[in-house]
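Participant: Sequence and computational prediction follow.
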Amino acid sequence: MIAASRFACSLGLVLALTVALLCPSAQSAEPQLPAGFRPLFNGENLNGWHGHNPHDTAKTERAKLAEAIAGFQKDFVAHWRVDNGELVNDGHGPYATTAAQFGDIDLYIDYKTVALADSGIYLRGTPQVQIWDYTKEGGKWNLHADKGSGGLFNNRANSPGQSPLQLADKPFGEWNQFRISQLGSRTTVHLNHKLVVDNAIMENFWDESRATPLPARGPIHLQTHGGEIRWRNIFVRDVPAVEANRRLRGDDAAQGFVSLFNGKDLTGWKGATDNFEVREGAIICKAGKGGELFTSDEYDDFVARVEFKLPPGGNNGLAIRYPGEGQPYLTAMCELQVLDDTAEIYAKLDPRQYHGSAYGMVPAHRGYLRPVGEWNYQEVTVVGPKIKVELNGSVILDADLSKVTEFKDNTPHPGKDRTKGHFGFAGHNDPVMFRNIAIKRLK
């Protein structure tokens, strides 16, 4: 995929604007609330928090979940308290859990812990940004605690982000400061102003295969794990879709991408040019029209980036290695579906027809589209027979089409083994909009 540092660079401006407010000195007065953030802890009581250990409820039926969570509350108030404006846990009991659910966020949080303890921050209900006793005396160097805190510990071994990039922990007795950004599954962590995780995919611990992305939304848990830990200055900011798209994308030119669309006309495109138009800096399929609009050039292995906006019930597709004739879902390597999954008219489709799917061949994970009418950001990586789709920071499809043997309606896809072709759009009569279209050849 794309060089991860693009995310850290865009995050740097956010951090720079808040560092002076949050940490003018180690012993400074209570910091002011950073612009655009809201507090998750009021410094006075446990309002907005409850007890919940998701490991105990991971297999609980949804209808019984509220009852199961209610059973944690006696232990929660027994082991969590507020002391001098700090949220304190004695090392035992259920995890402190936000009542609110979160998607794309910037999270600022300070902690102070003791020797032999470890802890962590669960995002979207999923473990975790790790907190260690990083010393040899802590006894967990066999788990790579010597590398320090801040890594995505529950990612697969040696995967990006699983271990922190550098040791950034302060000595016991001092406050540590986390600055965490999560856009989709893309996670960046600064610990004490040092980059320890750089735009890595946080994997879904609850799926043993790690193939399912993180949930689109979920609570924050503060873990308890055997020793006192104190938390303070817990601030969160919801990242708007337009900003999230920009930060996920980074700088196209700096990363070797070439723009495919000048924002003004269809120069460089061919096919059904009469059925598409340019409006508001975007390519739009005219209502009631269809057909394939595709690039003049052909591509073998590549990464493509595109932003798209769906109208209610909108339907289109991305043509991958299209030969220039026929229906892309049959004659191209594949058609990647672009679809409003929420529309009632599509409630009973084959799973291989929903957004991001290799149409008729491999289903994508659902639930990661932004609300209808908002711009989505998508990256498509094609290498040999393999295709990966990352939607709004979450990988929703990762497939090897050479291994596909079953097809929707038992209709073969003769183009699926194509090694070269055009990139384009498969119009299906709806005014779906596309902009910021760029591509990078991989060979």
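Facilitator: Nice, thanks for sending it over. Residues are numbered from 1 along each chain as shown.
Participant: Any regions of the stretch 151-300 of the chain where pLDDT drops low?
Facilitator: By pLDDT under 70, the stretch 151-300 of the chain contains no weakly predicted segment.
Participant: Break down it into its strands, ranges please.
Facilitator: 176-183, 186-191, 194-201, 221-222, 229-238, 258-259, 269-271, 276-279, 282-285, 290-295 (DSSP state E, counting those that start in this stretch).
Participant: got TSV for these, with mean neighbour count too?
Facilitator: Placement of C-beta: from N, CA and C, glycine included. Listed next are the strands of the stretch 151-300 of the chain as TSV, based on neighbours: other Cβ atoms under 10 Å:
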stretch	mean neighbour count
strand 176-183	22
strand 186-191	26
strand 194-201	23
strand 221-222	24
strand 229-238	21
strand 258-259	12
strand 269-271	19
strand 276-279	16
strand 282-285	23
strand 290-295	22
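Participant: Let's have these in JSON lines, adding distance to residue 404.
Facilitator: Output for the strands of the stretch 151-300 of the chain, formatted as JSON lines (distance: least, Cβ to Cβ, whole Å):
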{"stretch": "strand 176-183", "distance to residue 404": "30"}
{"stretch": "strand 186-191", "distance to residue 404": "28"}
{"stretch": "strand 194-201", "distance to residue 404": "24"}
{"stretch": "strand 221-222", "distance to residue 404": "38"}
{"stretch": "strand 229-238", "distance to residue 404": "39"}
{"stretch": "strand 258-259", "distance to residue 404": "30"}
{"stretch": "strand 269-271", "distance to residue 404": "26"}
{"stretch": "strand 276-279", "distance to residue 404": "30"}
{"stretch": "strand 282-285", "distance to residue 404": "27"}
{"stretch": "strand 290-295", "distance to residue 404": "22"}
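Participant: between the ones you listed, which gets nearest to residue 44?
Facilitator: For residue 44, the closest of the strands of the stretch 151-300 of the chain is strand 229-238, at 12.3 Å, according to Cβ to Cβ.
Participant: Could I have the CA atoms of the closest one written out in CSV?
Facilitator: C-alpha atoms of strand 229-238 as CSV (Å, rounded to 0.1, in the frame of the first residue of the first chain):
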residue,chain,number,x,y,z
ILE,A,229,-3.2,3.3,36.7
ARG,A,230,-4.3,6.9,36.6
TRP,A,231,-5.9,8.8,33.7
ARG,A,232,-6.5,12.5,33.1
ASN,A,233,-7.0,15.0,30.3
ILE,A,234,-9.2,12.7,28.2
PHE,A,235,-10.2,14.7,25.1
VAL,A,236,-11.8,13.5,21.8
ARG,A,237,-12.5,15.1,18.5
ASP,A,238,-14.7,13.6,15.8
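Participant: now it, how far from the chain's geometric center?
Facilitator: 21 Å (Cα atoms, centre = their mean, to the nearest Å).
Participant: any idea of the angle that strand forms with strand 176-183?
Facilitator: Taking axes from the mean of the first three to the mean of the last three Cα atoms, to 10 degrees, strand 229-238 and strand 176-183 form an angle of 30 degrees between their directions.
Participant: that older thread, which stretch among the strands of the stretch 151-300 of the chain approaches residue 424 most closely?
Facilitator: strand 290-295 (2.9 Å).
Participant: Parallel or antiparallel, list what pairs with that closest one.
Facilitator: strand 269-271 (antiparallel), strand 422-428 (antiparallel) (DSSP bridges).
Participant: Name the nearest residue to residue 265, sequence neighbours excluded.
Facilitator: Once flanking residues are discounted, residue 265 sits nearest to residue 278: 5.7 Å by Cβ to Cβ, 6 or more residues apart in numbering.
Participant: Residue 269 is in contact with the one you found, correct?
Facilitator: No - the criterion here is Cβ atoms under 8 Å, and residue 278 misses it with residue 269 at 10.0 Å.
Participant: Are there residues contacting both of the two? Which ones?
Facilitator: Both residue 278 and residue 269 lack any common contact, where contact means Cβ atoms under 8 Å, 6 or more residues apart in numbering.
Participant: Surely residue 111 forms part of a strand?
Facilitator: Yes - checked against DSSP: H, G, I helix; E, B strand; the rest coil, residue 111 lies within a strand.
Participant: distance of the spatially most central residue of the chain from residue 247?
Facilitator: The chain has residue 184 as the residue nearest its centroid, 1.7 Å off, counting by Cα atoms, centre = their mean. To residue 247, residue 184 is 11 Å away according to Cβ to Cβ, to the nearest Å.
Participant: again with residue 375
Facilitator: From residue 375 to residue 247 the distance is 13 Å (Cβ to Cβ).
Participant: Can you pull the domain assignment for this structure?
Facilitator: Domain assignment for the chain by automatic domain parsing gives 5-239, 255-441.
Participant: Contacts only, for the residue of the chain positioned farthest from its centre.
Facilitator: What lies farthest from the middle of the chain is residue 274; by Cα atoms, centre = their mean that is 36.5 Å. Contacts for residue 274 (Cβ under 8 Å, 6+ apart) come out as residue 289.
Participant: Likewise for residue 238?
Facilitator: 102-105.
Participant: Please repeat the previous calculation with a cut-off of 7 Å.
Facilitator: By Cβ atoms under 7 Å, 6 or more residues apart in numbering, residue 238 lies in contact with 104-105.
Participant: for residue 214, same thing?
Facilitator: So, once contact is read as Cβ under 7 Å, 6+ apart, residue 214 ends up touching 124, 126, 185, 202, 204, 394.
Participant: looking at these, which has the most residues close by?
Facilitator: residue 202 (27 neighbours; other Cβ atoms under 10 Å).
Participant: what separates it from residue 415, distance-wise?
Facilitator: According to Cβ to Cβ, residue 202 and residue 415 sit 35 Å apart.
Participant: Please report the distance of residue 320 from residue 420.
Facilitator: For residue 320 relative to residue 420 (Cβ to Cβ), the value is 11 Å.
Participant: Which of the helices or strands spans the spatially closest residue to residue 85 that is not a sequence neighbour?
Facilitator: Leaving aside its sequence neighbours, residue 85 sits nearest to residue 43 (Cβ to Cβ, 6+ apart; 4.0 Å). Per DSSP states H and E, residue 43 falls between elements, in no helix or strand.
Participant: how near is residue 43 to residue 236?
Facilitator: Residue 43 is 15 Å from residue 236, by Cβ to Cβ.
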